[in-house]
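Enquirer: Sequence and predicted structure are below.
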Amino acid sequence: MSEPDTIRFYAATDVGRVRDHNEDNFLVDKKLSLFMVADGMGGHAAGEVASAIAVRTLHDELKRERELLADYVAGKSGANKVTAKDVVALLEHAVQRSCMKIHEEAQADSAKRGMGTTLSAILVLGHQGFIAHVGDSRIYLMRNGQVQQVTEDHTVFNELIKRGKLTREQIEKVAHKNAITRAVGVYERVEVDTLVIEVLPSDTFVLASDGLTGYLDSPEELRPYLALDGDKAAKALIAHANERGGKDNITAIIVRIGDEGEQDAQRARRLALKREALANMPLFQRLSERELLRVMQAVEPRDYGDGEVVMREGDKGDELFIVLDGTVRVSRGDQVLTRLGAGEHFGEMALIRSVPRSATITAEGGAGASLIAIRRADFFEILRKEHEIAVKMLWQFLGVFADRLDATSSELRHAKQELAAEDVTNEIFPDAESTQPYLR
């Protein structure tokens, strides 16, 4: 439910060159700013039934909560405030309702047993895109001329790649490597991937079934097609898949975000700063672009005026802070220890356990400081839901701890050497007895 006039979309679907009927379904609701693609599976045209139920049910569930979505865009405050987590929960609920309805239909008709569908959807609300995803259809994002895949394939192939047990060449020989590991409707419930992305002017999203994505060696292959105008781009993508063989049904939706005004440039700059700050921090350095997007949805911007305290020595905290703009002063008691600027961080130990803060942090300078914060609860939620991200970040944390331990050990060695240094007081001061009281 963004401003409808700021979003353009172009959609196309085709049966392909091998199949005799189309089991893909897609839906576009411009008023809700909702876009989705579903690729059904199952014999006797059951796949077509499954994908149709999925898009229709998800659409109905969101329409039923139109007022909630409008309240989120309006930014209502107080007890009735709608948060991003509320919208994510609504999307997950809608997918689960779709899953249950498909499963019930299959149980009632033996010819449809085992039917299911992929489902990839994006709901644009204000300046944010809410994504729900199951299966191996995909959503891509083109931003600043770079194309990246923002969903993760739920396939045997991808699972083997993630585990790193086999090389790509070995995996290519695995039977059923393209089988999907999650689908809507096969069971009563399904695990849903969700992602919240801040959208910017000129962002272009592509939602596509594997009838198209199966012919792409990399996301960058989409770029020349997305440079085309309007419907030409969607039709060119369909033609591309058919020229490569068209072995499956092909569906593509292109969603382009328009310019809403002067503030967009500032939002884009701030978002770029957020991404750069996270990417350069040791804890997040090994994350992929998709994984960085997942972390970025958990960060909260904070602005502090000159002299405003960010945290106090001795207080317990549960947040990591990264400086986006401006300067903060680090002090202990009356002593100023250092100053931190853009890209530097503090408080990372609070992500692991609640301990008293070791210093007071204060914003300084006429413009104050802009920070981003990550709370421990949100950090742990990422670790629970994103196992691959969890492994990478925990390894990086071990590296941080090891570096700190090395630094502490070095300081202790240095102090020990100083204590063990030869006492040359008598050589410098022959009258040691008279000088000793003075030296104390």
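Expert: Thanks, I have it. Just so it is clear, the model here is predicted, and its values are computed rather than measured.

Enquirer: what mean pLDDT would you report for the lengthiest helix in the chain?
Expert: The residue-count maximum for a helix in the chain (DSSP state H) belongs to helix 387-420. In this model, helix 387-420 carries a mean pLDDT of 77.

Enquirer: for that helix, packing partners?
Expert: helix 289-296, helix 376-385 (3 or more Cβ pairs under 8 Å, 6 or more residues apart in numbering; DSSP states H and E). (Each C-beta comes from the backbone N, C-alpha and C, glycine too.)

Enquirer: buried residues in the very next helix or strand once past the shortest one?
Expert: Read that as helix 289-296. For helix 289-296, the following helix or strand on the C-terminal side (DSSP states H and E) is strand 300-304. For strand 300-304, burial by neighbour count (16 or more other Cβ atoms under 10 Å) applies to 302, 304.

Enquirer: Grab the nearest non-local neighbour of R286.
Expert: Closest residue in space to R286, ignoring its immediate chain neighbours: K392 at 4.8 Å, by Cβ to Cβ, 6 or more residues apart in numbering.

Enquirer: I'd guessed that neighbour sits against R294; true?
Expert: No: between K392 and R294 there is no contact under Cβ atoms under 8 Å: 11.4 Å.

Enquirer: if you count what's nearby, which of those two comes out ahead?
Expert: Higher neighbour count among K392 and R294: R294, with 22 against 18, using other Cβ atoms under 10 Å.

Enquirer: I'd guessed L32 sits against R66; true?
Expert: Yes: with contact defined as Cβ under 8 Å, L32 counts as touching R66 (7.2 Å).

Enquirer: more crowded one of these two?
Expert: Using other Cβ under 10 Å as the criterion, L32 and R66 rank with L32 on top: 20 against 12.

Enquirer: How is the chain divided into domains?
Expert: For the chain, the structural domains run 4-260, 266-395, going by automatic domain parsing.

Enquirer: Buried deepest among those domains, which one?
Expert: Among the domains of the chain, ranked by average contacts under mean count of other Cβ atoms under 10 Å, first place goes to domain 4-260 (a mean of 19).

Enquirer: For stretch 37-57, measure first residue to last.
Expert: 13 Å (Cα to Cα, to the nearest Å).

Enquirer: L68 sits in which helix or strand?
Expert: Short version, using DSSP H and E: L68 is in helix 66-74.

Enquirer: What residues does the one residue sitting closest to the centre of the chain make contact with?
Expert: By Cα atoms, centre = their mean, the chain has its centre lying nearest to R294, at 1.6 Å. Residues near R294 by Cβ atoms under 8 Å, 6 or more residues apart in numbering: 195, 382, 386, 389.

Enquirer: CA atoms only: put stretch 194-205 into CSV for me.
Expert: Output of stretch 194-205 as CSV, limited to C-alpha atoms (Å, rounded to 0.1, in the frame of the first residue of the first chain):
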residue,chain,number,x,y,z
THR,A,194,10.6,-13.2,5.3
LEU,A,195,12.6,-10.1,4.6
VAL,A,196,12.0,-6.4,5.0
ILE,A,197,13.9,-4.1,2.5
GLU,A,198,13.9,-0.3,2.5
VAL,A,199,12.9,0.6,-1.1
LEU,A,200,14.5,3.5,-3.0
PRO,A,201,13.6,5.5,-6.1
SER,A,202,14.5,3.5,-9.3
ASP,A,203,14.6,0.2,-7.4
THR,A,204,13.4,-2.6,-9.7
PHE,A,205,12.2,-5.9,-8.4
